[in-house]
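K.L.:
when you get a sec, could you give me coordinates for this:
(4 chains)
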There are 2 protein chains.
Amino acid sequence: MRSFLICMTMLSKTFAYALRAVTYVAVHSKEGKKVNLEQLSEGIDVPQPFLGKIMQDLVRQGVLKSMKGPGGGFWTDEFSLKLPAFEILNATDGYAVLTSCLMGKKNCNSSLPCPLHAEYALCRDTLFDALRNTRISDLAQKVEAKEIFLAEDN
Amino acid sequence: MRSFLICMTMLSKTFAYALRAVTYVAVHSKEGKKVNLEQLSEGIDVPQPFLGKIMQDLVRQGVLKSMKGPGGGFWTDEFSLKLPAFEILNATDGYAVLTSCLMGKKNCNSSLPCPLHAEYALCRDTLFDALRNTRISDLAQKVEAKEIFLAEDN
DNA sequence: CGAATAAAAGATAATAATATCTTTTTATAT
DNA sequence: ATATAAAAAGATATTATTATCTTTTATTCG
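P.N.:
Here you go, the predicted model:
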């Protein structure tokens, strides 16, 4: 009866889970292994049924590959590995969050800005650039290089 | 029967509403006027009952002053005007969101970082700095200077 | 083929965020 | 003092997000 409501990020938990999941799968794909849901769920410490839904989306959006049946599971091919992390956001939350106004103004832009427009644009762009410039293969490589684990506690 | 579920920001709608509300009140306080809920709700285009709750919090946390009764309402005193916008975040969402990990790692730090730690830290810090360096009086001044309106559509 | 494995899909449940409604308290003015 | 105005407080409703459970479909292997 454990609770999974722990983290509190500016973006959704779904996206955080998806980032961890894709990274985990990518690391194992480089070793030529497929990953199944049970293993993944334990490896990144995310509840299996919910993770299943997220994985479905990621496959549907072409971020990951999957196969059913014995020996099946999820993996990244060459195409996936080259995708920017931005595509993970796109497949989960959508990218609208990166074009929004901090103060909730509908038409906030540089010619009619809210009082925090310039500052927040800078913040958003920093994240946007990071998600565009970081490929899935980079995520995997960083995990390998630093021996970081993807479970929340590690 | 209108819907208010429109904006989609990285932080909460509550925070977006609070920013608009405090700014609106500050502008009017500079003209020596108190603002009541009804006027405020129309001025910034936020549903009155929900806004009422947010205002309660802001007053309780010392960001705004209020008075009941005829001629009552909300206002900012000299103390309020000097507060950084960060205090508005603190009074609504709390600031934990500015110390979180994008990938949901519990202990994410520079010595054991997630693969996006450095990049996301930059993003968070940009926002953090903006919220610390912008005072409530600055928000009001920008609205006055640029003749911006605080309703979503404007 | 039939049994077993694993993802996909569909349906339901719990929690948090957002929104509304009603009653109470406090202040003002007559 | 009484009526009125306005915030505070409390209770309830709606919607979105997160989480779970069950059934179906695809694949492999004996």
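K.L.:
just checking, residue A:93 touches residue A:17?
P.N.:
No. At 11.3 Å, residue A:93 and residue A:17 do not qualify as touching, with contact defined as Cβ atoms under 8 Å. Yep, even glycine has a C-beta here, placed from its N, CA and C like the rest.
K.L.:
tell me which of these two has more neighbours.
P.N.:
Remark: of residue A:93 and residue A:17, residue A:17 carries more neighbours, 25 against 17, as counted by other Cβ atoms under 10 Å in any protein chain shown.
K.L.:
out of everything not next to it in sequence, what's closest to that one?
P.N.:
Leaving aside its sequence neighbours, residue A:17 sits nearest to residue A:46 (Cβ to Cβ, 6 or more residues apart in numbering or on different chains; 4.8 Å).
K.L.:
for the one you found, helix, strand, or coil?
P.N.:
The three-state assignment at residue A:46 reads coil, by DSSP: H, G, I helix; E, B strand; the rest coil.
K.L.:
the helix or strand where residue A:50 lies and DNA strand C in contact?
P.N.:
Using DSSP states H and E, residue A:50 sits within helix A:48-60. Yes. Counting by Cβ under 7 Å from any atom of the strand, DNA strand C has neighbours in helix A:48-60: A:49, A:52, A:53, A:55, A:56, A:59, A:60.
K.L.:
residues contacting the residue nearest the centre of chain A?
P.N.:
Closest to where the C-alpha atoms of chain A average out (Cα atoms, centre = their mean) is residue A:19, at 2.6 Å. Neighbouring residues of residue A:19 by Cβ atoms under 8 Å, 6 or more residues apart in numbering or on different chains: A:85, A:88, A:139, B:102, B:103, B:104, B:116.
K.L.:
want to throw those into JSON lines with distance to DNA strand D, neighbour count and pLDDT?
P.N.:
Shown next, in JSON lines, are the contacts of residue A:19 (distance: Cβ to the nearest atom of the strand, whole Å; neighbours: other Cβ atoms under 10 Å in any protein chain shown; pLDDT from 0 to 100):
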{"residue": "A:85", "distance to DNA strand D": "17", "neighbour count": "26", "pLDDT": "98"}
{"residue": "A:88", "distance to DNA strand D": "14", "neighbour count": "26", "pLDDT": "97"}
{"residue": "A:139", "distance to DNA strand D": "20", "neighbour count": "25", "pLDDT": "96"}
{"residue": "B:102", "distance to DNA strand D": "13", "neighbour count": "26", "pLDDT": "95"}
{"residue": "B:103", "distance to DNA strand D": "13", "neighbour count": "27", "pLDDT": "95"}
{"residue": "B:104", "distance to DNA strand D": "9", "neighbour count": "26", "pLDDT": "92"}
{"residue": "B:116", "distance to DNA strand D": "17", "neighbour count": "24", "pLDDT": "96"}
